[in-house]
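Trainee: The following block contains a protein sequence and its predicted model.
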Amino acid sequence: MKKPIASGGESLLAAQLAAAISIAAFFYYLRHNDLLLYGDAVAHINIARRVFDSRTPGLLQLGTVWLPLPHLLMLPFLLSRWMWQTGIGGSIPSMIAYVFSVLGVFRLVRSVIPVSTSDDTKWISQFASWLAAGIFALNPNLIYLQATAMTEPIYLTLFIWAAVFFAEFVRGSSSAKANASLTRCGLCLAGACLTRYDGWLLAAVICVTVPVVSRGQPASVLRPKLRNLFLLAAAAPILWLAYNAAVYRNPLEFANGPYSAKAIEQRTAIPGFPPHPGTANLVVAFKYFFKSAQLNMGNEGWQIFWVSTLLLGTAIVLLFQRKLWPLLLLWTPAPFYMLSVAYSGVPIFIPVWWPFSRYNVRYGIEMLPAFAVFTAITMYGLLRFASSTRPRLAIAGVAISLAIVSYVQAWRADPVVFQEAVLNSRSRVALEERLALQVAVLPPDSTFLLYVGDHAGAFQRAGVPFSQTINEGNHRPWMQPADPDGLWEKALRNPAAYADFVIASDGDAVATNANKSELQPIEVIHVSGQPAVTLYRTLKSNRAK
């Protein structure tokens, strides 16, 4: 006999606890000015803001490379200037996603684990679902990320709920309720595919698996079921490819264009050296990703507990509880990041291996659902194997204690994703603060020419609207190979006709292409670890004197 999906009372309690954790963490990090440490968080917020705050507003401000759904979700919260400047508007979608992802983990475990009819053992499945939800919800690295504008929390909730609905479909693949679950799964896949590229592999895996699960059903029943799933799962990638083809004249602009991870790595690589560990090597790529996943679970010394329970839980599913096989879907981040690190120019630097730094360590958080769920499966198996109540309570107590101590140690040392954010933000934040001070004292109606991809954070801090800037987003990307009549291009040729002040970083498009004969430098900002930034006054403007 299988236990039905968790009751409304339990789900409400799980949601309330998750919301309390989310809000408490948010106010803690807000108070300590930690919401905008990640440069990507700043970029996501300002991409969304420029959809309506720009000389050329509209959806084309979403650009390429990053998928659009997270920006669209935070956009309404960024209408407020205060919520934009503080970063709060970017945090709200992540916090909501966090609460739903905790509920998803709880429901996933509750819906797949069978329940004994014995009064002595029926509590075990309830314990397993709460344990999984607790491991997920209390993870120190996720608690920080969900307070920021990063895309991982939004993707995790769509990933988890796709797994929930897929598992419910598998449990009763021929029923009308299962068909509804499959449609909901398709909707989650569509959202995941518009959030992170991880979702594209997830959608492919589910679309390949469903026909196998449905084998033997009449074609009249199977065909509409598969059609709906495939349409939903494929819609987002097809739309994104079409958008890139129409706007950039290259359907793979996000993958091989000048702003893609691969192109950036090629520009910064040192000849004769591998660009990053794992390049063209799937084994090394897996090792770095899996180690980043371990670092997201706990410090050295505690990782053995998490790896052991993950692998043991996976083995239990493969060998003894094969009806739980839909849970194996939680492993899909591993092959995705193996391929990304090996062949797509995506580096992962971890502090314990060369190059002994922290960069993209947060990608390991994608394995958190697997760690949480398979640890719960391990404990479920051990509890069912135990012969009486006393050893069962001892096992449960040891599992809870080890998880708590591991997380406490992580908090004491600072979560690794928080360390990554702090380490990589120091010079950027220092530059943004100094540039923001310079911008803030200029006439309030000034117009600026700049490469906003590097300096959006300074204008956010200063509270200067992007509608007072001319930047790389103010051109027509479909005009190939160049657009001489675009606003951005015209302003570079003749800055005095369009702007009062010009901001250029060494090596950026403004420093390289702007007509210097119309510019007079008034300030040079030097920050260690960052290119020098020069603030110019255009010759038409005497207001800064």
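Mentor: Cool, the structure landed. No experiment lies behind these values; they were computed from the predicted model shown.
Trainee: alpha carbons only for contacts and neighbour counts from here, please
Mentor: Fine.
Trainee: Which elements pack onto the helix or strand of the chain with the lowest mean pLDDT?
Mentor: Ranked by mean pLDDT, DSSP states H and E, the helix or strand of the chain with the weakest confidence is helix 261-268, at a mean of 84. Using 3 or more C-alpha pairs under 8 Å, 6 or more residues apart in numbering; DSSP states H and E as the contact criterion, the elements in contact with helix 261-268 are helix 253-256.
Trainee: CA atoms of the helix it packs on as PDB?
Mentor: What follows is the C-alpha trace of helix 253-256 in PDB, where atoms were taken according to Å, rounded to 0.1, in the frame of the first residue of the first chain:
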ATOM      1  CA  GLU A 253      24.400  33.100 -30.600                       C
ATOM      2  CA  PHE A 254      24.100  32.200 -26.900                       C
ATOM      3  CA  ALA A 255      26.500  29.300 -27.300                       C
ATOM      4  CA  ASN A 256      29.100  30.600 -29.800                       C
END
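Trainee: hmm, back to that, and the contacts of the least confident helix or strand of the chain?
Mentor: The list of residues contacting helix 261-268 from outside it, by C-alpha atoms under 8 Å, 6 or more residues apart in numbering, reads 255, 256, 257, 258, 275, 344, 345, 346.
Trainee: Dump those residues to JSON lines, plus neighbour count and distance to residue 232.
Mentor: Putting the contacts of helix 261-268 into JSON lines (neighbours: other C-alpha atoms under 10 Å; distance: C-alpha to C-alpha, whole Å) gives the following:
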{"residue": "255", "neighbour count": "17", "distance to residue 232": "22"}
{"residue": "256", "neighbour count": "16", "distance to residue 232": "26"}
{"residue": "257", "neighbour count": "17", "distance to residue 232": "27"}
{"residue": "258", "neighbour count": "14", "distance to residue 232": "30"}
{"residue": "275", "neighbour count": "16", "distance to residue 232": "37"}
{"residue": "344", "neighbour count": "19", "distance to residue 232": "26"}
{"residue": "345", "neighbour count": "22", "distance to residue 232": "29"}
{"residue": "346", "neighbour count": "23", "distance to residue 232": "28"}
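Trainee: rewinding a little: following element in sequence after the least confident helix or strand of the chain, please.
Mentor: helix 282-297 (DSSP states H and E).
Trainee: So for that next one, what gets flagged as buried?
Mentor: 282, 284-286, 288-297 (16 or more other C-alpha atoms under 10 Å).
Trainee: What of stretch 307-327?
Mentor: Of all the residues in stretch 307-327, those buried under the rule 16+ other C-alpha under 10 Å are 307, 309-317, 324, 326-327.
Trainee: Helices - which of those land there?
Mentor: 307, 309, 310, 311, 312, 313, 314, 315, 316, 317 (DSSP state H).
Trainee: for the protein, what's the longest helix?
Mentor: Looking only at the chain and at elements set by DSSP H, the helix with the highest residue count is helix 219-248.
Trainee: And that helix, what does it pack against?
Mentor: Using 3+ C-alpha pairs under 8 Å, 6+ apart as the contact test, the elements touching helix 219-248 are helix 176-193, helix 198-213, helix 253-256.
Trainee: and residue 515, backbone torsions?
Mentor: According to degrees, to the nearest 10, the main-chain angles of residue 515 amount to phi -80, psi 100.
Trainee: pLDDT wise, what is it at?
Mentor: As predicted, residue 515 sits at a pLDDT of 96.
Trainee: Contact partners for the closest residue to it other than its chain neighbours?
Mentor: If the residues on either side of it in the chain are set aside, residue 515 comes closest to residue 493, at 5.4 Å by C-alpha to C-alpha, 6 or more residues apart in numbering. With contacts defined as C-alpha under 8 Å, 6+ apart, residue 493 is in contact with 513, 514, 515.
Trainee: Which among the residues you listed count as buried?
Mentor: Buried by 16+ other C-alpha under 10 Å: residue 514, out of the contacts of residue 493.
Trainee: What's the local residue count around residue 208?
Mentor: By other C-alpha atoms under 10 Å, 11 other residues sit near residue 208.
Trainee: actually residue 480, sorry about that
Mentor: Neighbour number of residue 480 under other C-alpha under 10 Å is 10.
Trainee: got a list of what it touches?
Mentor: With contact taken as C-alpha under 8 Å, 6+ apart, residue 480 is in contact with residue 249.
Trainee: try residue 365
Mentor: Contacts of residue 365 were listed using C-alpha under 8 Å, 6+ apart, and they are 141, 142, 152, 293, 296.
Trainee: any idea how far residue 400 is from it?
Mentor: With distances taken as C-alpha to C-alpha, to the nearest Å, residue 365 is found 20 Å from residue 400.
Trainee: now do residue 275
Mentor: Spatial separation of residue 275 from residue 400 under the definition C-alpha to C-alpha is 41 Å.
Trainee: Tell me, how many residues neighbour the closest residue to residue 253 other than its chain neighbours?
Mentor: On the basis of C-alpha to C-alpha, 6+ apart, the spatially nearest residue to residue 253 that is not a chain neighbour turns out to be residue 244, at 6.1 Å. By other C-alpha under 10 Å, the residues close to residue 244 number 21.
Trainee: ok, now residue 477?
Mentor: One way to gauge burial is a neighbour count; for residue 477, by other C-alpha under 10 Å, it gives 19.
Trainee: ok, it - contacts?
Mentor: Going by C-alpha under 8 Å, 6+ apart, residue 477 touches 247, 248, 483.
Trainee: ok, residue 60 - contacts?
Mentor: Listed by C-alpha under 8 Å, 6+ apart, the contact set of residue 60 reads residue 51.
Trainee: let me fix that: residue 496
Mentor: By C-alpha under 8 Å, 6+ apart, residue 496 lies in contact with 518, 519, 538, 539, 540, 541.
Trainee: What residues sit buried inside the helix or strand containing it?
Mentor: When secondary structure is defined using DSSP H and E, the element that contains residue 496 is helix 495-498. With burial defined by 16+ other C-alpha under 10 Å, the residues of helix 495-498 counted as buried are 495, 496, 498.
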